[in-house]
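# model the structure of this input:
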Amino acid sequence: MQELVEDVARFAAIEDLFHQALDEYGTPVRTETRKFNYVASISEPQPGFLSVDEFRAEKLSLSGYPDKIASTGFAALALVFHPHLRDSFEMVCEGLGDWHGQASWLVHFRQRDDRPNHMHSYKVGNQIHAVKLKGRAWITADKFQIVRIEAEMVNPMPEIQLLSEYQVVEYGPIPFQKKNTTLWLPKSAEIYFDFRKHRYYRRHSFDHYMLYSVDSDEKRKEPATKPVSQTTDGDNKS
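Numbers count the residues shown, from 1 in each chain. Here you go, the predicted model:
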């Protein structure tokens with residue numbers, strides 16, 4: 001996990017956003033796409049607290065996102081297993097499984113009720129609502145790299161009309177020939193959610209990776225946000 005944090009803190013990419021509004025049967029009724037120049041950074045502003053910065057060169061306001069819902073932080077979902085955060089979760093190894101022909105451990109996690117939740121939240125207007133997560137991760141048996149992580153809400157949150165949420169993030173090795181190195185980075189993040197009596201599907205895909213130290217001229221930063229936070233317009237954030 002510490003290697004993953006170091007890797008994520010060094011990359012920029014082209015991000016493709018695919019967004020669909022769904023009807024009650026899950027059939028798409030409207031599709032929108034966006035493309036961004038994306039930079040991610042993870043820092044530790046104070047001992048024991050990790051902050052994820054995400055920068056999109058377009059500097060979008062909420063009105064620039066489909067349905068005025070901004071989604072951020074999914075690439076850092078694996079921080080569930082970071083030493084600073086993992087004690088906030090109950091974890092159980094479900095045994096050895098298979099991921100695309102590769103032996104992988106399946107590890108189940110669930111937010112503990114007696115620990116603070118710094119992992120996932122919705123910002124609605126000026127209020128932040130923490131969302132408890134549970135899920136499982138596929139971790140390679142040979143090098144202990146997270147290749148896939150799935151998560152969903154522990155309980156619905158009727159107070160903000162968030163009835164369900166399910167997300168999947170996949171990671172993979174990305175070679176950088178100029179640096180003669182390979183980093184494990186997020187490749188895609190998907191989310192399904194039922195929010196404010198509407199259902200949505202959204203996919204963030206990353207490609208054309210760059211390293212700060214090699215391919216980018218500078219490391220860009222925006223104000224820090226909590227890991228895996230999501231935002232909605234003056235009342236919509238996911």
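# could you use CA atoms for every contact and neighbour count after this?
Fine.
# could you measure from the residue sitting nearest the centre point of the chain over to Asp114?
With distances taken as C-alpha atoms, centre = their mean, Phe74 lies nearest the centre of the chain, 0.8 Å away. Distance of Phe74 to Asp114, computed by C-alpha to C-alpha, to the nearest Å: 24 Å.
# check Ser164 too.
Taking C-alpha to C-alpha, one finds Ser164 at 23 Å from Asp114.
# who has more neighbours out of those two?
Ser164 (17 against 8; other C-alpha atoms under 10 Å).
# in the sheet, who's paired with the more buried one?
Asp194 (DSSP bridges).
# so what's it scoring on pLDDT?
Confidence at Ser164, expressed as pLDDT, is 95.
# enumerate every residue touching it.
152-153, 156, 192-195 (C-alpha atoms under 8 Å, 6 or more residues apart in numbering).
# give me the secondary structure label for Pro83.
At Pro83, secondary structure determined by DSSP: H, G, I helix; E, B strand; the rest coil is coil.
# starting at the chain centroid, how far to the lengthiest strand in the chain?
In the chain, with assignment by DSSP state E, the single longest strand is strand 28-46. Put simply, strand 28-46 sits 9 Å off its chain's centre (C-alpha atoms, centre = their mean, to the nearest Å).
# what residues of it count as buried?
For strand 28-46, the neighbour count (16 or more other C-alpha atoms under 10 Å) marks 36-42 as buried.
# who's in contact with the closest residue in space to Ala137 that isn't next to it in sequence?
Excluding its sequence neighbours, the residue lying closest to Ala137 (C-alpha to C-alpha, 6 or more residues apart in numbering) is Ile149, at 4.2 Å. With contact set as C-alpha under 8 Å, 6+ apart, Ile149 has these partners: 77-78, 135-138, 168-170.
# how close does the residue nearest to the centre of the chain sit to Glu94?
Counting by C-alpha to C-alpha, the gap from Phe74 to Glu94 is 24 Å.
# please enumerate the helices of the chain.
2-8 (DSSP state H).
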